[in-house]
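Undergrad: Task: produce atomic coordinates for the following.
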Amino acid sequence: MQQGRNQSHLSWTDAAFLYLEREGVPLHIGAVNLLEGVVSLADCIRLVESKLPLVPRYRQRVVAPPFKIGLPTWEFDPDFDIRNHIWEVTAKHGTDAEFKTIAGEILGTLMDRQRPLWDIVLVRGLKGDRTGFIARVHHCLADGMAGTGLMNVILDASPAVPALAKKPRRFRVPPPADPWTSLLGGWVNSYDNVIKQVLKAQSDALNIAETIVNGGWTVPMDKLARLLPELARPTEALHFNVTCRGPQKFAWAKIPLADIKAIKDAQKCSVNDVALALVTSTIRLYAALHGNRIKGRLLRIMVPVNLRSNGNTGELGNVVSMIPVAIPLDIRNPRTLLAAVHERMEFLKSAHVAELVSLTSVLPGILPSPLQALAGPIASQLPTPFNLVCTNVPGPQFPLYLMGHRMLTWYPYVPISSDTAVNCAIVSYDGTLYFGFTGDAHAAPDLARLEKFLKSSAEELGKAAGVRPSPKQRVRPEVRTAAVPLVAPTETNRSTPVPAVHSGAGLSPKQRKEVLTKVA
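TA: Below is the predicted model of the structure:
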């Protein structure tokens with residue numbers, strides 16, 4: 001993106017995340033990480049500021065078009081201040097449970113749309129001489145793959161502390177477009193978007209037809225007859241498939257990637273198959289605990305699929321489709337369950353379901369843009385045809401560093417929405433598979449149970465597959481670091497310490513005051 005260009009339009013898919021967002025259900029992705037040692041706030045700010053030229057969109061905010069005509073635009077924020085996007089909070093007790101609570105409060109807060117839609121919060125006072133690192137990026141800016149790429153931009157692959165300039169390079173904000181130009185551009189963009197969506201739908205339909213004609217359809221008829229009815233079967237709601245109200249809770253678990261790969265090799269499937277089998281087993285235990293009927297029931301999981309060419313993670317925005325996987329919930333034998341997951345994933349891939357879903361997803365973009373904006377809040381209240389989302393993104397298999405501080409963990413965050421009040425995100429990083437569970441506090445108050453259910457499911461599957469678990473890593477002694485006052489950005493005095501509290505990120509001054517009053 002050229003620095004002199006001050007305006008570019010969001011795609012229909014990206015804008016949809018703005019239209020669907022509502023109070024209590026923010027639609028951003030994120031990561032909850034632990035860094036070794038105590039990271040200086042000033043160093044973190046200087047580092048990220050030095051990387052901003054690599055990601056110009058981090059200086060841009062979303063601007064709605066006049067009269068909702070056309071798609072929203074990315075425009076450089078004339079009042080950009082990096083201190084509105086990076087700050088720190090202090091934990092009172094420093095436990096992992098408190099860290100999860102802080103993460104849930106931050107991740108469950110809407111971002112201020114008057115500013116660029118990203119932020120980073122450092123969490124002080126954690127036991128074990130560690131610093132929490134919570135990063136958020138709105139879903140209109142990036143999907144899971146792009147979010148992983150952004151983390152790779154901010155962090156370094158070397159423990160060497162990079163030399164940073166004492167003063168950031170001056171950035172000259174291009175002048176904004178005048179209102180009449182914006183209005184005319186909105187009209188043109190609205191018409192252009194409809195034409196593009198129609199042409200894309202035609203192109204996708206022709207590509208699918210060509211694939212089938214040229215022998216790309218490789219699904220045996222007996223398998224098609226057996227598994228196709230599962231796709232057409234209505235989704236049965238579980239106890240957590242209720243309207244999300246907020247606030248949110250966050251839970252996590254981790255499994256050595258070597259164990260996952262050993263199971264994969266033993267059962268001749270993929271890492272993603274193993275992960276989905278573990279999530280299915282975890283949800284089965286959780287649903288049974290809450291009295292849900294298990295026998296004869298299907299669990300429908302929406303699995304995002306990256307559509308970028310060559311797996312490029314540098315492309316911002318949302319370039320994904322979804323695969324709806326319907327898995328029998330009453331399979332208790334771990335190996336049988338994994339075989340069922342593998343069979344269904346292979347069926348959906350060979351049937352090109354991801355392409356079919358991508359084709360249908362462009363159809364709402366044909367609607368005039370004012371109708372798209374009006375339909376968003378309504379659609380966010382409608383029931384969804386699946387039980388939960390489970391996204392699995394490959395990360396770097398080597399350690400990353402922030403100003404020489406090694407990143408110890410990488411727990412991903414995926415938002416909940418509509419009536420999917422529990423979702424799961426998975427990231428592989430530095431030899432470990434990290435699971436992040438998001439839940440609505442009312443629909444899933446005992447979300448932490450998923451952590452134990454996942455670990456027990458992994459042990460059971462590994463034992464059934466004849467895989468020995470990796471030796472447990474030695475736990476570092478817990479040492480409480482010195483408390484550091486919260487430094488939250490305010491409009492009046494940025495250097496004044498605020499009492500240690502759990503603070504939401506990306507808030508306006510009025511919203512931040514309400515949060516601080518509530519949790520003080």
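Undergrad: Neighbours of Ala339, how many?
TA: Around Ala339 there are 17 other residues, counting by other C-beta atoms under 10 Å. C-beta coordinates here come from the backbone N, C-alpha and C atoms, glycine included.
Undergrad: nope, Pro396 is what I meant
TA: For Pro396, the neighbour count with other C-beta under 10 Å is 17.
Undergrad: what does Phe171 give?
TA: Count around Phe171 with other C-beta under 10 Å applied: 13.
Undergrad: Double-check that it belongs to a helix.
TA: No. Using DSSP: H, G, I helix; E, B strand; the rest coil, the secondary structure at Phe171 is coil, not a helix.
Undergrad: Not including adjacent chain positions, what is the nearest residue to it?
TA: Distance criterion C-beta to C-beta, 6 or more residues apart in numbering; nearest residue to Phe171, sequence neighbours excluded, is Arg59 at 6.9 Å.
Undergrad: Then Val414?
TA: In space, Val414 is closest to Ala425, 3.8 Å off (C-beta to C-beta, 6+ apart).
Undergrad: What of Ala326?
TA: Excluding its sequence neighbours, the residue lying closest to Ala326 (C-beta to C-beta, 6+ apart) is Glu230, at 4.1 Å.
Undergrad: my read: the one you found touches Val325, true?
TA: No. In this structure, Glu230 is not within contact of Val325 by C-beta atoms under 8 Å, at 9.2 Å.
Undergrad: For the stretch 151-300 of the chain, just list every one of the strands.
TA: Per DSSP state E, counting those that start in this stretch, the stretch 151-300 of the chain carries strands over the ranges 248-256, 298-306.
Undergrad: and those strands, which one is worst for confidence?
TA: Looking at the strands of the stretch 151-300 of the chain, the lowest mean pLDDT belongs to strand 298-306 (a mean of 90).
Undergrad: What mean pLDDT does the helix or strand just after that strand get?
TA: Next helix or strand after strand 298-306 toward the C-terminus (DSSP states H and E): strand 320-328. Strand 320-328 shows a mean pLDDT of 87.
Undergrad: Need the contact partners of the next helix or strand after strand 320-328.
TA: Helices and strands here follow DSSP H and E; after strand 320-328, the next one along the chain is helix 334-350. The contact list for helix 334-350 (C-beta atoms under 8 Å, 6 or more residues apart in numbering) reads 217-219, 223-224, 227, 230, 263, 267, 269-270, 272-274, 276-277, 280-281, 323-328, 331, 354, 457, 460-461, 464-465.
Undergrad: Which one of Glu230 and Val325 is surrounded by more residues?
TA: Legend: neighbour count by other C-beta under 10 Å for Glu230 and Val325, higher for Val325 (23 against 16).
Undergrad: surely that one meets Arg300?
TA: Yes. The criterion here is C-beta under 8 Å, and Val325 meets it with Arg300 at 7.1 Å.
Undergrad: And the residue nearest to Ala326, how far from Gln60?
TA: 43 Å (C-beta to C-beta, to the nearest Å).
Undergrad: Check Thr243 too.
TA: 32 Å.
Undergrad: more crowded one of those two?
TA: Gln60 (22 against 16).
Undergrad: so that one makes contact with Phe76?
TA: Yes. With contact defined as C-beta under 8 Å, Gln60 and Phe76 form a contacting pair (5.4 Å).
Undergrad: Output stretch 56-68 as PDB, nothing but the C-alphas.
TA: The C-alpha coordinates for stretch 56-68 follow below in PDB (Å, rounded to 0.1, in the frame of the first residue of the first chain):
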ATOM      1  CA  PRO A  56       0.400   0.600   7.100                       C
ATOM      2  CA  ARG A  57      -3.100  -0.600   8.000                       C
ATOM      3  CA  TYR A  58      -2.200  -0.400  11.700                       C
ATOM      4  CA  ARG A  59      -2.400   3.400  11.200                       C
ATOM      5  CA  GLN A  60      -5.700   3.300   9.500                       C
ATOM      6  CA  ARG A  61      -9.300   3.300  10.900                       C
ATOM      7  CA  VAL A  62     -12.600   2.300   9.400                       C
ATOM      8  CA  VAL A  63     -14.700   5.100   8.100                       C
ATOM      9  CA  ALA A  64     -18.400   4.500   7.200                       C
ATOM     10  CA  PRO A  65     -19.500   5.800   3.800                       C
ATOM     11  CA  PRO A  66     -21.900   8.700   3.600                       C
ATOM     12  CA  PHE A  67     -25.600   7.500   3.800                       C
ATOM     13  CA  LYS A  68     -24.200   3.900   4.000                       C
END
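Undergrad: average pLDDT for that stretch?
TA: pLDDT averaged over stretch 56-68 gives 86.
Undergrad: so what pLDDT did Leu107 get?
TA: Value for Leu107, per-residue pLDDT: 95.
Undergrad: ok, now Leu388?
TA: Checking the pLDDT column for Leu388, the value is 96.
Undergrad: Just list whatever residues bridge to it.
TA: Ile301 (DSSP bridges).
Undergrad: That one: neighbouring residues, count only.
TA: Other residues near Leu388 come to 24 when the count uses other C-beta under 10 Å.
Undergrad: ok, it touching Cys424?
TA: Yes. In this structure Leu388 lies within contact range of Cys424 using C-beta under 8 Å: 6.6 Å.
Undergrad: quick one, helices of the stretch 401-520 of the chain?
TA: Counting by DSSP state H, counting those that start in this stretch, one finds helices in the stretch 401-520 of the chain at the ranges 449-464, 509-519.
Undergrad: Can you flag the weakest of those helices by average pLDDT?
TA: Looking at these, the bottom one is helix 509-519 with a mean of 38.
Undergrad: Tell me how far Gly291 lies from Ile416.
TA: For Gly291, the distance to Ile416 - C-beta to C-beta - is 22 Å.
Undergrad: ok, those two, which is more surrounded?
TA: Between Gly291 and Ile416, counting by other C-beta under 10 Å, Ile416 is the more crowded of the two (26 against 8).
Undergrad: Quick check: Val89 touching Leu126?
TA: No. Val89 is beyond contact range of Leu126, at 10.9 Å (criterion: C-beta under 8 Å).
Undergrad: Neighbours of the closest residue to His405 other than its chain neighbours, how many?
TA: Residue nearest to His405 in three dimensions, not counting chain neighbours: Leu35, with 4.5 Å by C-beta to C-beta, 6+ apart. Neighbours of Leu35 under the rule other C-beta under 10 Å: 25.
Undergrad: where does Leu35 fall, phi/psi-wise?
TA: Note on Leu35: backbone dihedrals following degrees, to the nearest 10 are phi -110, psi 150.
Undergrad: Likewise for Arg83?
TA: phi -70, psi -10.
Undergrad: Could you report the distance from it to Ile45?
TA: The gap separating Arg83 from Ile45 is 7 Å, by C-beta to C-beta.
Undergrad: neighbour-wise, which of the two wins?
TA: Ile45 (18 against 14).
Undergrad: Wait, a strand at the more buried one?
TA: No. Looking at Ile45 with three-state DSSP, it is helix, so not inside a strand.
Undergrad: Just to check, it is in contact with Ile82?
TA: Yes. Counting by C-beta under 8 Å, Ile82 is a contact partner of Ile45 at 5.9 Å.
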